[in-house]
Structure formats: C-alpha cells, structure tokens
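A.B. asks: Test case, fold it:
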Amino acid sequence: MMPGKRWVSARSYSVRLVLFFGAALLLLLSGCGSVKNVQAPDAGQTKPAPIAVERQTTEGIVIGEENAATNTNTWKAIPYAKPPIGALRWRAPQPAEKRSQPLQADKFCQICPQYIDHDRNPATAQVVLGNEDCLYLNIWSPKNATGKLPVFFWIHGGGNSIQWPLLSMQDGGILANRGNMIVITFNYRLGPMGFYSHPALKTGDAAGDSGNFAILDLIAALKWVQANIKNFGGDPENVTIAGESAGGQNVFCLVSSPMANGLFHRAISQSGLIRPSTPQEGATHINGILAKLMVKDGKAADAEAAAKVLAVMSAKDIEAYMRSKTAADFLEMYPEGKALGMIYFPTAYSDGKVLPADFYAALASDKYNKVPMLMGTNKEEAKVFLRSYQPFAAWRQDGSLFKEPVKTELFDLVAKFQSDGWKVMAVDQPARIMRDNEGQPFIFTYQFMWGAGGAKNNVINPPLNIILGACHAMEIDFVFGTEKASLGAVVFNDKNKPGRVALSNAMMDYWSAFAWTGNPNKQGSSLPKWSPWSNIQGFPKTMLLDADLEKAKITMGRSELTQEMIEAALKDEPRQKEIQPFWDASPYRRR
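C.D. replies: Model (predicted):
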C-alpha cells in the first residue's frame, strides 16, 4: 500500500501531460442518445448519406451507420447505464432504461464533467464542460460481422479526471477493420463524480459505498457488453480490456476486482501504474474540498473555521450540502485544472469490496482474475512531464536545453531513471509477481522505443526528439493506426511515415492477435516471435518495439529491472548528486 499523500505527488507529474498537448484538441460536443427516426437525405444532396444499420439491444433498437473509409459499421452514444444524475450521483450505476423508439446512434455524446481547453490558447484558463449524463459507449464492427469476433474494450486515459485522447477524435474503425474485431470506447465518470469516498455518502451498499464509481461504471459497461455484443458481431466469451495511463491503471483495477470476475478474458495495460488510495485518504481530501466550498459560500471565514463547522454537521447535512453543488462547483475547487486540465485527487480506493484492501497482497496471494496479460511502457515515459519542471522548463524557454550538451544530458538522465522506475512499477514487478502464481496464463510485456534516444534519434524532428522522444502516450496512435488522435498530431510527418506505419501495422497485428487468442503471435505471421515473460534469469522478457525512418525494428529483450537495480545504477552515475533530488521526488518508485 502506498503511504498517505502519495497520490498527490504522482498526479502532480501526470497532470503536466495536458499542459503540453491538451491544447491540440477541441471538444466536439453533441447530444447524447437522442431518439429520432432515420432521416432521408436532402433532395439536392450530392454526397450520399451513410447507410443506416440497425441492431437490437436489451434496451431497444439502435441505429448506427456504415463507415466506408474503414469498412466498418459504427454506433455512437449507446447508453449502458441510467444517467448518474440526481439521486444516482455518487451511487453504483443502474441498468439503462428500455426504450420504445429506435435510438439514432450516429453522434458522440458529451464528455463527463472535466476541465477542457476550449480555445487552444494556453494563456487563457481552461473551463469546465461536459454533462453528468455521460454513461454511453461507442462500437465499431467490421461489416458483416456474425457474432464470434473478439471484443477490444478500450479504457481511455487522462488521470481519471479528463478524457485523453478525446474519444470523438479517436477512430476505432482502423483497428477494428485490420484486426477483424469489435472495438468499443466509452465514457466513465471522472474526477469528483468518479472517485469520491466519504462517510456522508454511504448508504449500506458496499459497492456504492466504496467511492469507486468510475470502476463500477467500467463493470457496468462490461455487463452491457456481455448482454448485447453478440448482436453486433462480437463474442461475449472473448473480451479484452485494454487501456492507457489511467486506463491502464483501471485495467489493473479490474484484474484485481472480484466484482469483475468473468466479465473479461484478456487484459492489456499500456503505461498503467498501480497507485491505490485508502478510503481514509478520500475522506480527508473531500473534507478539504468541502471546507473550500464553505469559505466560498460565506459559511465560514477560513478553512480552519470551515473544518469546525463540518465537524459538528450530521452526515445527512453534509450529504445534502454536497448534493446541492454542481460538478463544476467541485471542479472549481481544483485550481490546477484551470491551467493544466487534470486535477490532483485520490482514486482507486482499496475498499475490500470493489477493489482489494491491499492490491500487491492480492497479486502475491493469488487472489485476482487470472487472464492472459499484455503490459508495457514507453522508453522515455517521463519526458513529457519533466519538460515542465525546473530547471528544464527555463532551459527549454531560453533554448539552452537543446544547445548545451551538459544540460541535454542531465534531462536525458533524469528521464531515464524515472522512466525505468515507471517500467518497474507498471511491468516488471507485477509481471514477476503474477507469473509465479499457479494457473496464471502467459504474460507478454513490451517496451515502446520509437523516438527514444534524444538528439541521436532522427525519426522525430528537433527539438521534439529531445523533449518528447518515446514519451508517455506516444504509442496510442500506433495501436489504433491513427495519425493524430494523440501525439502523432505533433510528431508524425512524411519523412518518418514508412517506418512508423510499418511499426503501427505490426502493433495492431500483435494487439489483435492477442485479443483473438491471448497470444500476440498469429499463426503464419512474418512478424518476430513474441515470447512470454519468464522469471528465469536470461530468458525472454520484453518485446522491444521500434522503427527507423524506413522499417520496423522489433526484437526480443531478456533484461529485467528492479528498483534496487535502478538505485544501484544511480549510485554509480557520475551526475548522481544532480539526479538524486528528481529520483527522491519521483512518483514512479515504490516507497
């Protein structure tokens, strides 16, 4: 278990992700789940309207459309639970209501409440947008799918407080078509609506009382998939959960959750760190937020006075006060959101019902959902965050980070040690623990290398090859075959296209083969063999995924990292004294 307050420093790093590229995307707001009939094209329309595609669900008919560009059918904004509004806020999700009329499912729904960069201007404050009525999912299915295709269930990242990348920008059709599988993306509750654990909200329902509403949303969406996906061509007995960053953490949460047992059959975690919080941390955090709200409302002169008011309020009165506030009211108590998007708050409560009381103990004691797993990190995860920290931010501004080798070297070294720590927490340590358990299927691990090496690597143009490289979230466009859903928007170009497309195709083939069989090696494939993780020293461990300007470069690695190895290497590093403060403050190491 992480010590108290660990989550604050961890998210203070993760939140920097949005500072760099949050401004690259705009929110595409549209209505969620409106009910209407299929409209005929206008008489003068020159471009033919998409062909409507109907499917039956347990709640009623949904009408999607053909996507000729990806040879798929798509359905957007299908409700998988009742809107979590009114009395259902801070409650476990309830089954979606039945509909008497067909649902036109051709537009993405609104995002869940969160900060968003509305004008692409880093000089202006981000604003809160979204709607608490947001529990909807999107489906891409290859045309003529017949009911036995694997299901790829994607959990977006964003620190569990924003949606990254925006699902409205992330086309699942390319992966669905190439992998011949069903791809699902979906919204789940974020920030204060998704993870709030406080005694005043408890009702006696152990699941809802956990405060893990976002995890319960994932479980509800998986239950909907079990009940309905056959009608879209999918196999409910072959569901792969996959996610990146916070989505990867949520994959680990589902793997550890007894409530998710039987709802999925394979799991993929991309850069997913395991950082649980305690319910006590949650209550302390929320009391601090409530104190701020009371000061703002004039109910107390300062935070200390507000704490005294809270101490004598009944649980019923505290709940009523919380429910009188909008989602925006809560989010505005997180000033970092106005500048950075993501906010600092505890998540993944170790409640003993939804999630185990001790995550690592659950893994070590064989008490989790054993499925084939694929997990990995990027070689230079930390770079996208470190670029905003001093002295690197100042060096970046005056250009010396790129001109003075001694400064570039320090940036690369700090990034190396922190990224290695990330690899230990997200891959090597859980892989070693789980592989020793009897009955654990194969675990496959990777390290994404494209762009790594700083100035020595020419696949990314300078200076982004130095300050980004193979950083956090860089692999998302490769997995989905997209060009600019994630960081491809700033680093992809015609020069690096041949090599990166070859690597992307290989990764899509590996990921989809894993979804089909639990093994990334497809029979008859010309791709290098991906061996499963072995705990035996010198045996295969990790697939290294890279490409130069012209071709993919994929090789099997045999090395393993531990925190002890990292700290020993740091001790021997000539610039140890300069690096040590960054390592000591790093969230990417276990205390």
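
A.B. asks: Just the CA atoms of the longest strand belonging to the chain, as PDB, please.
C.D. replies: Secondary structure of the chain per DSSP state E: the longest strand is strand 234-244. Provided in PDB are the C-alpha atoms of strand 234-244 (Å, rounded to 0.1, in the frame of the first residue of the first chain):
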ATOM      1  CA  GLY A 234     -18.900  -9.900 -31.000                       C
ATOM      2  CA  ASP A 235     -18.200 -12.900 -28.800                       C
ATOM      3  CA  PRO A 236     -19.100 -12.200 -25.200                       C
ATOM      4  CA  GLU A 237     -16.800 -15.100 -24.200                       C
ATOM      5  CA  ASN A 238     -13.800 -13.300 -25.700                       C
ATOM      6  CA  VAL A 239     -13.500  -9.800 -24.300                       C
ATOM      7  CA  THR A 240     -10.100  -8.000 -24.000                       C
ATOM      8  CA  ILE A 241     -10.000  -5.000 -21.600                       C
ATOM      9  CA  ALA A 242      -7.300  -2.500 -22.700                       C
ATOM     10  CA  GLY A 243      -6.300   0.900 -21.500                       C
ATOM     11  CA  GLU A 244      -3.500   3.500 -21.400                       C
END
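
A.B. asks: what element comes up after that strand heading to the C-terminus?
C.D. replies: helix 246-256 (DSSP states H and E).

A.B. asks: isn't Ile286 right up against Phe195?
C.D. replies: No - here Ile286 does not reach Phe195: they are 10.1 Å apart, not a contact under CB atoms under 8 Å. Backbone N, C-alpha and C define where each C-beta goes, glycine included.

A.B. asks: pLDDT wise, what is Gly44 at?
C.D. replies: Here, the pLDDT recorded for Gly44 equals 48.

A.B. asks: quick thing: my sequence starts at 41, can you match it?
C.D. replies: Renumbered: residue one is now 41, and that last one reads Gly84.

A.B. asks: on contacts alone, who are the packing partners of the helix ranked longest in the chain?
C.D. replies: Longest helix in the chain, counting residues (DSSP state H): helix 537-557. Counting contacts by 3 or more CB pairs under 8 Å, 6 or more residues apart in numbering; DSSP states H and E, helix 537-557 packs against strand 189-195, helix 213-219, strand 274-284, strand 306-310, helix 516-520, strand 582-587, strand 592-597.

A.B. asks: hmm, 6 Å instead?
C.D. replies: Using 3 or more CB pairs under 6 Å, 6 or more residues apart in numbering; DSSP states H and E as the contact test, the elements touching helix 537-557 are strand 189-195, helix 213-219, helix 516-520, strand 582-587, strand 592-597.

A.B. asks: closest one to Ala397 among those?
C.D. replies: Nearest to Ala397 among these is strand 189-195 (23.0 Å), distances taken as CB to CB.

A.B. asks: Strand partners (parallel or antiparallel) of the closest one?
C.D. replies: strand 222-226 (parallel), strand 274-284 (parallel) (DSSP bridges).

A.B. asks: what about it, distance to the chain center?
C.D. replies: Distance, stretch centre to chain centre, for strand 189-195: 14 Å (CA atoms, centre = their mean, to the nearest Å).
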